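> Compute the structure for the input listed below.
(one chain, ligands or ions: 1)
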Amino acid sequence: MNNKEQDWLKLVDSIGNYLAPSMAKDHPNLPVVKAEGCYYYGADGKKYLDFTSGIAVENVGHRHPKVVEAIKNSTDHLIHGPSGVIIYESILKLAQELQEILPPKLDNFFFGNSGTEAIEGALKLAKYVSKRPYVISFTGGFHGRTVGSLSVSTSKSKYRKHLQPSWLTYQLPYTNPEDCPAGADPEEFFAEKLEKEAAKLFRHQVDPEEVACMIVEPVLGEGGYIIPPKSWLKKIREICDRHGILLIFDEVQTGFGRTGNWFAAQTFDVTPDIMAVAKGIAAGMPLGVTIASKELMEQWPMGTHATTFGGNPVACAAARASIEVIKEEKLLENSRDVGEYAVSRLEELKSKFPVIRDVRGVGLMIGFALQNTETGEPDGEAVMKVLDGCLEKGVLFYLCGNAGEVIRMIPPLTVTKEQIDDGIKVLEEVLASI
Ligand SMILES: Cc1ncc(COP(=O)(O)O)c(C=O)c1O
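Next comes the predicted model:
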């Protein structure tokens, strides 16, 4: 290790002097000097296989050459907008290209900088155009950390503690395939259950005519990588239509190929009225988008919602390059194909290690829950042991789940079966040692 690297590691040791603990203490906070493709290069000189993609951001792999080139080209010409004061090609071309990959009628865009901003935009739009005050979200969902997003997020109470998010919202339970009684068909069981739960909510707590929108993650992300039956999402759509409620899909994590199609809306064959995307859109550049039909957006007059940095030209250029790479390298197909392979490899491990309770996967959005082998309870401690053990051996996984009991495997969509095998080999060694 050279002097510069040693200094850098010393600086990391004193991180608390500089960064707020809420920012600095996530797992594993690995000191990194470079990233490329599916790998991080640590300040310790080690190479790490990255099964986190910077939490579902680097869908085309870290620093894809086409993205780097697009960023360099853009910075040679224009670094900042703001749109409204000026207008530039990358934002309009990106909008056109998004129209081509989104479900029909999701064709008008408000560009921001992050997931939580895309959600704020979606909620504000729904309330504004419907002139209705309330929002329904689903228990366990995570939509961001600003106050509007927080008021619909219920994945962990610590995010809301002392904050009392100011918008009054209502919750319906997210589905959990584990709760399906033996012999029942989950497609029927959960749709019927939701119908009853919604009727109860409307009867006792809120009149549906006062509900602006329902917001849902089509696959529960932070809340535990739970994949609902298609019919459950279709039932949400049906209930919304019945009562003139707008449906928002939070595709911040599921978008841009993560579930094997461009969007989970296509994977589950349900089209929302409003969609929020971010994370995987721009290969690491900050960009978030609130998406709706032109008819809906036109009811949100000029000046009601705006931004200084949103839709930044460099980020838009990176997003355009990233979309091109997903098409050229057939990454949607890879997400489905390698995702299926990874799930089958994890299922093999599940049959060997009873600590693995279950494996969930759609495309390359994969999670496996750990349990205490004696009590069957969710085991967050075992998760931390596995994450640390894998890290030690050069593989990065991430966690999720309300009790931190789920390990998420979200590699870049460029990942190969060989790289999956490399990671699974390490995971197997670690599971055998805990
Ligand atoms: C489903 C979902 N929605 C919203 C957000 C918030 O995004 P951001 O952290 O970019 O604000 C996240 C972040 O993890 C997310 O997973």
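> now the strands for the stretch 251-400 of the chain?
274-277, 288-292, 356-362, 365-370, 395-396, 398-400 (DSSP state E, counting those that start in this stretch).
> Could you list the paired strands of the third one along with their orientation?
What that stands for is strand 356-362. Its sheet considered, strand 356-362 pairs with strand 365-370 (antiparallel) by DSSP bridges.
> Just checking the distance from the partner strand to the centre of its chain.
Offset of strand 365-370 from its chain centre (C-alpha atoms, centre = their mean, to the nearest Å): 14 Å.
> now do stretch 357-373
On C-alpha atoms, centre = their mean, the centre of stretch 357-373 falls 16 Å from that of its chain.
> ok, now stretch 326-335?
Remark: stretch 326-335 is offset 18 Å from the chain centroid, using C-alpha atoms, centre = their mean.
> now for that stretch, what's the gap between its first and last residues?
Terminal residues of stretch 326-335 are spaced 10 Å apart (C-alpha to C-alpha, to the nearest Å).
> What mean pLDDT does that stretch get?
Regarding stretch 326-335, the rounded mean pLDDT is 98.
> can you pull out the strands in the stretch 51-200 of the chain?
With DSSP E, counting those that start in this stretch as the criterion, the stretch 51-200 of the chain has strands spanning 108-112, 134-139, 169-173.
> Redo those as CSV? Include distance to the ligand, mean neighbour count and mean pLDDT.
Heads up, the C-betas are built off the backbone N, CA and C, glycines and all. What follows is the strands of the stretch 51-200 of the chain, written out as CSV (distance: least, C-beta to the nearest ligand atom, whole Å; neighbours: other C-beta atoms under 10 Å; pLDDT from 0 to 100):
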stretch, distance to the ligand, mean neighbour count, mean pLDDT
strand 108-112, 9, 23, 98
strand 134-139, 11, 22, 98
strand 169-173, 15, 16, 97
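> Pull the residues that contact stretch 328-345.
Stretch 328-345 is touched from outside by 59-60, 257-262, 325-326, 359, 361-366, 409, 413-417, 420-421, 424, with contacts defined as C-beta atoms under 8 Å, 6 or more residues apart in numbering.
> Arg258 touches Ile410, doesn't it?
Yes. Counting by C-beta atoms under 8 Å, Arg258 touches Ile410, with 7.2 Å between them.
> So in the protein, where's the weakest helix or strand by average pLDDT?
Within the chain, no helix or strand scores below helix 21-24, which has a mean of 79 by mean pLDDT, DSSP states H and E.
> So which bits of that one are buried?
Residues of helix 21-24 classed as buried by neighbour count (16 or more other C-beta atoms under 10 Å): none.
> residues in the stretch 201-350 of the chain within reach of the ligand, list them.
With C-beta under 6 Å from any ligand atom as the criterion, the stretch 201-350 of the chain meets the ligand at residues Glu217, Gly221, Glu222, Asp250, Val252, Gln253, Ala278.
> Return the two entries of the residues you listed that lie farthest from one another.
Glu222 and Ala278 (13.8 Å; C-beta to C-beta).
> Mind checking which of the two has more residues around it?
Legend: neighbour count by other C-beta atoms under 10 Å for Glu222 and Ala278, higher for Ala278 (28 against 22).
> Now do the contacts for that one.
Ala278 makes contact with Gly112, Ser114, Gly115, Glu117, Ala118, Val252, Gly255, Leu287, Gly288, Val289 under the criterion C-beta under 8 Å, 6+ apart.
> Run a quick check on the last one versus Ala118, I expect a contact.
Yes. Counting by C-beta under 8 Å, Val289 touches Ala118, with 5.7 Å between them.
> longest helix of this structure?
Using DSSP state H to define each element, the chain has its longest helix at helix 331-352.
> buried residues in it?
If you call a residue buried by 16+ other C-beta under 10 Å, then helix 331-352 has these buried ones: 331-332, 334-336, 338-343, 345-346, 349-350.
> Can you tell me which of the residues you listed is closest to Glu188?
Checking the buried residues of helix 331-352 one by one against Glu188 (C-beta to C-beta), the nearest turns out to be Val343, at 24.4 Å.
> And the residue of the chain closest to the ligand?
Closest to the ligand within the chain is Gly115: 2.1 Å, counting by C-beta to the nearest ligand atom.
> got a pLDDT number for that residue?
At Gly115, the model reports a pLDDT of 98.
> Run a quick neighbour tally on it.
Neighbours of Gly115 (other C-beta under 10 Å): 30.
> Might one say that it is in contact with Ala276?
Yes. With contact defined as C-beta under 8 Å, Gly115 counts as touching Ala276 (7.0 Å).
> who does the closest residue to Asn176 other than its chain neighbours bridge with?
Counting by C-beta to C-beta, 6 or more residues apart in numbering, Asn176 lies nearest to Ile226, which is 5.8 Å off, once chain neighbours are set aside. Counting by DSSP bridges, Ile226 is bridged to Leu220.
> Does Ile215 fall in a helix, a strand, or a coil region?
Of the three states, Ile215 takes strand under DSSP: H, G, I helix; E, B strand; the rest coil.
> which non-adjacent residue is nearest it?
Closest to Ile215 by C-beta to C-beta, 6+ apart is Ile248, at 4.2 Å.
> how many neighbours does the one you found have?
Neighbours of Ile248 (other C-beta under 10 Å): 29.
> still on that earlier bit, check whether the least confident helix or strand of the chain contacts the ligand.
No. Using C-beta under 6 Å from any ligand atom, helix 21-24 stays clear of the ligand, with a minimum separation of 11.8 Å.
> so Ala198 touches Tyr170, yeah?
No. Using C-beta under 8 Å, Ala198 is not in contact with Tyr170; the gap is 10.1 Å.
> who wins for neighbours among the contacts of Ala278?
Ala118 (33 neighbours).
> where's that one relative to Leu427, distance?
33 Å (C-beta to C-beta, to the nearest Å).
> now swap in Thr116 and tell me
Counting by C-beta to C-beta, the separation of Thr116 from Leu427 is 32 Å.
> on that earlier part again, and the contacts of Ala278, which is closest to Thr373?
Nearest member of the contacts of Ala278 to Thr373, counting by C-beta to C-beta, is Val252, at 34.3 Å.
> The closest one and Met275 touch, don't they?
No. Val252 is beyond contact range of Met275, at 9.6 Å (criterion: C-beta under 8 Å).
> Next one: Gly183 relative to Asp358, how far apart?
19 Å.
> More neighbours: the two, which one.
Set Gly183 next to Asp358 and count neighbours by other C-beta under 10 Å: Asp358 wins out with 15 against 6.
> Can you name the residues that contact the more buried one?
Glu178, Lys350, Phe368, Ala369.
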